[in-house]
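quick one, structure for this:
(one chain, ligands or ions: 2)
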Amino acid sequence: MKIFNTLTREKDEFKPIKEGEVKIYACGPTVYNYIHIGNARPLCVFDVLRRYLEWQGYKVTFVQNFTDIDDKLIKKANEEGLTVPEIAERYIKEFWTDAKGLNVREATVHPRATENIKEIQDIISALMEKGYAYESGGDVYYRAKKFEDYGKLSHQPLEDLEAGARIGVAEIKEDPMDFCLWKGAKPGEPYWESPWGNGRPGWHIECSAMACRYLGKTIDIHCGGLDLIFPHHENEIAQSECCNGVPFAKYWMHNGFLNIDNRKMSKSLGNFFTVREISEKYDLQVLRFFMLSAHYRSPLNFSADLMAAAKNGLDRILTAAERLHDLADAAEGSMTDAEKENFAASKEYVEKFEAAMEDDANTADAVSAVFELVKFINVNSSEQNSKEYLQALYQRLETLCDVLGIIIEKKEEILDSDIEALIAERQAARKEKNFARADEIRDMLLEQGIILEDTREGVKWKRA
Ligand code: AMP
Ligand code: ZN
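Ligands and ions are numbered 1, 2, ... in the order given. Alright, predicted model coming up:
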């Protein structure tokens, strides 16, 4: 597989550190709010990367952190009269609702910054010992310019980076390029004790600590959005490589922006839609499919027209799958020689799919290969075919869709009578004060898209 590596600015041949295994670290969300659909882009595209590598037989360890302490969380907690952990807990839960809707798989580990304070402090201590970090005004900073490879990921002269870093320059830093490793606590803020006084970690250091703890000193692939290259990933490299004395990540992959009217969708610009808002208008599979319709590095403009096109495209695949499924259900027997030949011919589209993914995870071309397979299926399947042949074609389509994280299996509709029976069981459970069972039934129904409402006239339900 070839991967465009931000570090080399080339499409490099992918060779994992350990044969047959891949270690991936993906920077995760700061959990102070609902995620927007720009945040959903890296979630979807790197989920496909992981699924593809697994399909190719690799054992993938995928780590994605939750940033659960920072200024935004503290502000939100103060606004709502809650604690920072309460805010984090709430938005991690909301994150899961969105991620599940997008069919993004859970990472192997989802470490949180606040659960890695010791690891973070150990790195800072090591950086202090080596003379790369210094205390000032209750904070600890990293001497960016002392790290001679600083800027190697951004490919920009230090002066240009410096011009950007000057914004918000703090007097207490020795140099504007220096960045914070440990932030002294202000009154009323959450803090941890440390050799440098009470405080909390800076943002960049948590990723260096968690990548090392869960994946080792050198990892295969580090990914995230384009906006993280500088300063976040540049700083991660400086911290980790200085501390460990070995390269931090072999391949750096960065997704392009999801834009609205050609401007990056972001919370600060206010031009965003949350995944939750979109889920009220579309099945989130449509959003996922829309993300995959472009190459991950290209900018992608969000519009109602493009979402409608994504919905049409996805429907074409789902309709073909459903038809094939129904045909197979009604059919009998094993493959004829002619069918065997036909089935072998359909492999061409699997090869096209693989070739696209091998070329820097080009999901746009991979999706085209799926469309070609769908066309082939529509032309080459009918009531005349054997069950074995129809099932084999279905599995072929399902395999490719699985890699893209698109679910083609039709959900069995739950019948009204089953819903009524479950509601009656829930009422009985409540009467017996068995609230655990009552909640379990409500959640089970919710999973099937059935929403319960307790009213004065009794329980009402509707399909979402
Ligand atoms: P944040 O919570 O802002 O740190 O973002 C979480 C992830 O979403 C990071 O990998 C960002 O690079 C990515 N991201 C944020 N906004 C966008 C966008 N408009 N398009 C694509 N990726 C984005
Ligand atoms: Zn990070």
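
what stretches of the chain score poorly on pLDDT?
164-170 (pLDDT under 70).

next SSE downstream of the helix of greatest length in the chain?
Assignment by DSSP state H gives helix 304-330 as the longest helix of the chain. Next helix or strand after helix 304-330 toward the C-terminus (DSSP states H and E): helix 337-345.

which other helices and strands does that following helix contact?
helix 387-404 (3 or more CB pairs under 8 Å, 6 or more residues apart in numbering; DSSP states H and E). C-betas here are computed from N, CA, C, even on glycine.

quick one, the helix it packs on and helix 337-345 angle?
10 degrees (axes from the mean of the first three to the mean of the last three CA atoms, to 10 degrees).

got the contact list for helix 387-404?
48, 51-52, 55, 289, 292, 317, 320-321, 324-325, 327-328, 331-336, 339, 342-343, 346, 349-350, 353, 357, 363, 366-367, 369-370, 373-374, 377, 380-381, 407-409 (CB atoms under 8 Å, 6 or more residues apart in numbering).

show me what counts as buried in the longest helix of the chain.
307, 310-311, 313-314, 317-318, 320-321, 323-325, 327-328 (16 or more other CB atoms under 10 Å).

between that helix and helix 387-404, how many degrees?
Using the same axes, to 10 degrees, helix 304-330 lies at 150 degrees relative to helix 387-404.

right, and the helix or strand after the host helix or strand of Arg200?
Using DSSP H and E, Arg200 sits within strand 199-201. Following strand 199-201 in sequence order, the next helix or strand is helix 203-215 (DSSP H and E).

could you say what helices and strands that following helix packs with?
Against helix 203-215 (3+ CB pairs under 8 Å, 6+ apart) you get strand 21-26, strand 59-64, helix 117-129, strand 179-184, helix 234-244.

go with 10 Å
strand 21-26, strand 59-64, helix 117-129, strand 139-142, strand 179-184, strand 219-225, helix 234-244 (3 or more CB pairs under 10 Å, 6 or more residues apart in numbering; DSSP states H and E).

other residues contacting the helix or strand following the fourth one?
Per DSSP H and E, strand 139-142 leads on to helix 158-165 as the next helix or strand towards the C-terminus. Residues external to helix 158-165 that are found in contact with it (CB atoms under 10 Å, 6 or more residues apart in numbering): 144-145, 150-151, 154, 156-157, 169, 173, 175-179, 230-231, 234.

show me which residues of stretch 250-257 are buried.
Taking 16+ other CB under 10 Å as the criterion, stretch 250-257 shows 250-257 as buried.

residues in contact with the closest residue to ligand 2 within the stretch 101-250 of the chain?
Among the residues of the stretch 101-250 of the chain, Cys207 lies nearest to ligand 2; the distance is 3.2 Å by CB to the ion. Contact analysis of Cys207 by CB under 10 Å, 6+ apart lists 25-28, 63, 65, 67, 111, 113, 116, 120, 222, 224, 228, 232-233, 235-236, 239-240, 248.

how about a cut-off of 6 Å?
27, 236 (CB atoms under 6 Å, 6 or more residues apart in numbering).

ok, now Arg430?
Arg430 neighbours (CB under 6 Å, 6+ apart): Ala438.

good, wrapping up.
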